[in-house]
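# 3D model of this:
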Amino acid sequence: MDFVIGFTTYVGNPSGLRKYEHVMQSAQPGPRRLQRRQWVGFTSDSDSTSLPDNPAPNTTLPTTLCIGEEIDRRGVDPWTPSSSLLFRGRITAGPENIRGLQVWIKAGRTPERIDSLRREAQVYDSLKDQQDVLVPRSLGLFHRKERASHPIPKVSGTHIPYTILVLVDVGPTLSDTGHAARSALHHLDYLLRDRIADAVLALHNCGYKHGQFSASAVAMNGQRVFIIKLGKVAEHRCKRNEALVRCALRTPCEQDFHCEELWSIFTTFGAVWAPANVEVCGGRWSSEELLHDPLLIANESVRRSRMREEDAINAVLTAREDYLACYMPWDETSLAFVKDTRSEVIERYLCAPRIDPPPRQLPSIIDVQDADDEGSSDASTVGSL
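Residues are numbered from 1 along each chain as shown. Here you go, the predicted structure:
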């Protein structure tokens, strides 16, 4: 299949200054950046997934037209060819089953980057049955034609890649929706966290580990979850302890689970397991203490942090409700009981008698002298022996 892309690139310094003028004290603005579109022809790799399984002999496959908008220059100035480019485009013409699709175009110019794209394309090929289910659909790997039928094979100032990998856009990532921080991930809907865990488990079952899993590697399309950014994927024979992959279990020891990546992902996303330890009022407490003895945590918080009693007990009870809602949403009975008895627990705690610790007494001068006399007599006894 021929793939023709109209690359929309920009000519001119990204910072708006002429070359080397940024080091001068009084730099004048250089020429503004100009948008330029260049049509470039590509041909599919011999192992490309875009080819039909059994093409008829002497069949001419339709040419696909796409317009790509430059997204990522990786800080490269216009005088240096970029080694890693990312374009986002829309297919405007071609086979009916892909016409109108939004796509991501991962591109490269250097041999290292091209080899990386080739390995990633091979991963997508091996996951062909999981495309549009677990991972995005791959339209294939394409190489730039030596003598394209389209004019202007090279325009000065642009960074046209030699090889591209075309993937169907499956929606925004978690980081795009503002869930990049760990605390935000733990407060995602539990069903979403569960689907993320299922997707990573499925990838491991297919014989791969992701290698750079984060919020930006999870794309969402409605209720569906996709794993993207497969550039660092490696073959992996998962040895996880299957008996520990069950809900409501406290986070096990990493050495007992036997799979570092899954353990890290489950704990980072707050999926499958409930944390064994939590941070409340600036202290680290076990989840058992939080659920069954909140008054102990409140007392210690008042003593250590000098919090007001009312503030401490409210913070602890709020943390207990959040824990149940976040990690045990199926246990509606316990959550309802905790909420219904909150005011009663607060009243009982605030009205309970307090036993103040005895005041610290400083030793008198007589006590100090007596202690010195006893020490000297002990020393003389030891010397006589």
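# Thr333: which element?
Assigned by DSSP states H and E, Thr333 belongs to helix 332-340.
# helices and strands around that helix, which ones?
Counting contacts by 3 or more Cβ pairs under 8 Å, 6 or more residues apart in numbering; DSSP states H and E, helix 332-340 packs against helix 309-327. All C-beta atoms are positioned from the backbone trio N, CA, C, and that covers glycine.
# relative to helix 309-327, how tilted is the helix holding Thr333?
Angle, helix 332-340 to helix 309-327, by axes from the mean of the first three to the mean of the last three Cα atoms, to 10 degrees: 160 degrees.
# tell me which residues of helix 332-340 come out buried.
Neighbour counts over helix 332-340 (16 or more other Cβ atoms under 10 Å) mark 335, 338 as buried.
# also stretch 244-259?
244-245, 251-252, 257, 259.
# how about the helices in the stretch 151-300 of the chain?
182-186, 190-205, 254-257, 260-269, 287-292, 294-305 (DSSP state H, counting those that start in this stretch).
# mind checking the ones you listed for the one nearest to His236?
His236 lies closest to helix 190-205 among these, at 6.4 Å (Cβ to Cβ).
# what lies in contact with that closest one?
130, 134, 185, 209-210, 213, 218, 220, 223-227, 236, 238, 240, 245, 259, 261-262, 265-266, 269-272, 326-327, 329 (Cβ atoms under 8 Å, 6 or more residues apart in numbering).
# ChimeraX command for the buried members of the residues you listed?
The following ChimeraX line selects those of those that are buried, judged by 16+ other Cβ under 10 Å:
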select :130,134,185,209,210,213,218,220,225,226,227,236,238,240,245,259,261,262,265,266,269,270,271,272,326,327
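# what's the neighbour count on Leu203?
24 (other Cβ atoms under 10 Å).
# ok, it to Val133 distance?
11 Å (Cβ to Cβ, to the nearest Å).
# and for Pro161?
Pro161 is 29 Å from Val133, where distance means Cβ to Cβ.
# run through the stretch 101-250 of the chain and note the low-pLDDT ranges.
146-159, 179-184 (pLDDT under 70).
# residues in contact with the helix or strand that contains Glu344?
Per DSSP H and E: Glu344 is located in helix 342-351. The list of residues contacting helix 342-351 from outside it, by Cβ under 8 Å, 6+ apart, reads 294-295, 298, 309-310, 313-314, 317, 321.
# over the helix holding Thr333, what's the mean pLDDT, rounded is fine.
The pLDDT scores in helix 332-340 average 92.
# how close does Pro95 sit to Ser126?
23 Å.
# for Arg119, same thing?
According to Cβ to Cβ, Arg119 stands 11 Å off from Ser126.
# again, but for Glu261
Using Cβ to Cβ, Glu261 is found at 18 Å from Ser126.
# how about Phe337?
50 Å.
# with Arg246 instead?
Arg246 sits 29 Å away from Ser126, going by Cβ to Cβ.
# try Ser44
According to Cβ to Cβ, Ser44 and Ser126 sit 18 Å apart.
# one more: Thr163?
19 Å.
# quick one: which of those two has more around it?
Using other Cβ under 10 Å as the criterion, Thr163 and Ser126 rank with Thr163 on top: 23 against 14.
# mind listing residues that contact stretch 245-258?
201, 239-241, 244, 260, 263, 266-267, 272-276, 287, 328, 330.
# can you rerun that using 6 Å?
Stretch 245-258 has contacts (Cβ atoms under 6 Å, 6 or more residues apart in numbering) with 239-241, 244, 263, 267, 273-276.
# now the strands for the stretch 1-150 of the chain?
2-11, 34-44, 64-72, 84-93, 102-108, 138-144 (DSSP state E, counting those that start in this stretch).
# which one of the ones you listed is the most hemmed in?
The highest average neighbour count among the strands of the stretch 1-150 of the chain, using mean count of other Cβ atoms under 10 Å, belongs to strand 138-144 at a mean of 24.
# that one pairs with which strands?
Paired strands of strand 138-144, with direction, are strand 34-44 (antiparallel), strand 163-168 (antiparallel) (DSSP bridges).
# mean confidence for the first one?
I take that to be strand 34-44. 70.
# distance to Phe3 added to the strands paired with strand 138-144, as a markdown table?
Shown next, in a markdown table, are the strands paired with strand 138-144 (distance: least, Cβ to Cβ, whole Å):
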| stretch | distance to Phe3 |
| --- | --- |
| strand 34-44 | 4 |
| strand 163-168 | 7 |
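# Arg303 is nearest to which of those?
Closest to Arg303 of the strands paired with strand 138-144 is strand 163-168 (Cβ to Cβ; 56.5 Å).
# ok and the closest one relative to strand 84-93, angle-wise?
Here strand 163-168 points in a direction 60 degrees away from that of strand 84-93 (the same axes, to 10 degrees).
# CSV for the helices of the stretch 151-300 of the chain, including distance to Leu139?
Below are the helices of the stretch 151-300 of the chain laid out as CSV (distance: least, Cβ to Cβ, whole Å):
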stretch, distance to Leu139
helix 182-186, 31
helix 190-205, 21
helix 254-257, 37
helix 260-269, 28
helix 287-292, 47
helix 294-305, 55
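# Trp39: which of the ones you listed is closest?
Taking Cβ to Cβ, helix 190-205 is the member of those nearest to Trp39, at 36.8 Å.
# please work out how many residues are found near the residue lying closest to Ile313 once chain neighbours are set aside.
Leaving out its chain neighbours, the residue that sits closest to Ile313 by Cβ to Cβ, 6 or more residues apart in numbering is Ala298, at 4.5 Å. As a burial measure, Ala298 scores 26 neighbours (other Cβ under 10 Å).
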